[in-house]
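**Student:** Requesting a structural model of the entry that follows:
(2 chains)
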Amino acid sequence: QKEVEQNSGPLSVPEGAIASLNCTYSDRGSQSFFWYRQYSGKSPELIMFIYSNGDKEDGRFTAQLNKASQYVSLLIRDSQPSDSATYLCAVGGAGGGNKLTFGTGTQLKVEL
Amino acid sequence: GAVVSQHPSWVICKSGTSVKIECRSLDFQATTMFWYRQFPKQSLMLMATSNEGSKATYEQGVEKDKFLINHASLTLSTLTVTSAHPEDSSFYICGGGLGTDTQYFGPGTRLTVL
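**Tutor:** Model (predicted):
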């Protein structure tokens, strides 16, 4: 069974710090990796996707992928209170076709 | 990013009635639509995958006769919860597939069954 694991948190970081969110996955054939942000009571919003090993940066967000170790992470620089949300890691399978497996999410709290 | 709309955003109904939720991809054609359900404090649970013009593929444990999915066009998919009961109360979210794997979600529909 394909699994995506995340620490549920909450992860608390002070405003302005770097928040580091981690995710591991079990299917070694996974090809695509996504980070979604979900505010309470709202649907998930796509933040970033990454397909290749290494880092991918977009503004304050950096996604990191290590397929050999089967983990993907999300770094948020200069964390703001508005970043407080649950972050969902999602993994696409080897066959593509858009089907994703989601982790249970990590709750991030950015404190003033 | 791609925009997906859902209607209604919330609905309250009596037990035994049916509820239809619409999902539209507004600025792209979604060859595949995904329907999820999310209970409080839990992650998204995939219910079914539908391709335009084809029957939906349901996940294990999801009753296809209870959750009717129609994907009539590349921009519209509907989920009908038939004979709803209080245990069906949940947050229903649709996702439109774009490209190889990317999914963009609608704003969700909160269903409360009395």
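**Student:** Can you pull up the most central residue in chain B?
**Tutor:** If you average the C-alpha coordinates of chain B and look for the closest C-alpha using C-alpha atoms, centre = their mean, you land on B:W35, 3.6 Å from that point.
**Student:** check contacts around that residue.
**Tutor:** B:W35 makes contacts with B:23, B:46-50, B:67, B:69, B:77, B:79, B:92-95, as judged by C-beta atoms under 8 Å, 6 or more residues apart in numbering or on different chains. Every C-beta, even on glycine, is put in place using the N, C-alpha and C of the backbone.
**Student:** buried sites along stretch B:54-62?
**Tutor:** B:A56, B:Y58, B:V62 (16 or more other C-beta atoms under 10 Å in any protein chain shown).
**Student:** Just the CA atoms of stretch A:102-109, as PDB, please.
**Tutor:** Backbone C-alpha positions of stretch A:102-109 (Å, rounded to 0.1, in the frame of the first residue of the first chain) are rendered in PDB as follows:
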ATOM      1  CA  PHE A 102      -1.900  12.500   0.400                       C
ATOM      2  CA  GLY A 103      -0.200  12.600   3.700                       C
ATOM      3  CA  THR A 104      -2.200  13.600   6.800                       C
ATOM      4  CA  GLY A 105      -0.600  17.000   6.900                       C
ATOM      5  CA  THR A 106       1.600  19.000   9.300                       C
ATOM      6  CA  GLN A 107       0.100  21.900  11.200                       C
ATOM      7  CA  LEU A 108       2.400  24.900  11.200                       C
ATOM      8  CA  LYS A 109       2.000  27.800  13.600                       C
END
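**Student:** Just the buried positions in that stretch, please.
**Tutor:** Residues of stretch A:102-109 classed as buried under the neighbour-count rule (16+ other C-beta under 10 Å) are A:F102, A:G103, A:T104, A:G105, A:T106, A:Q107, A:L108.
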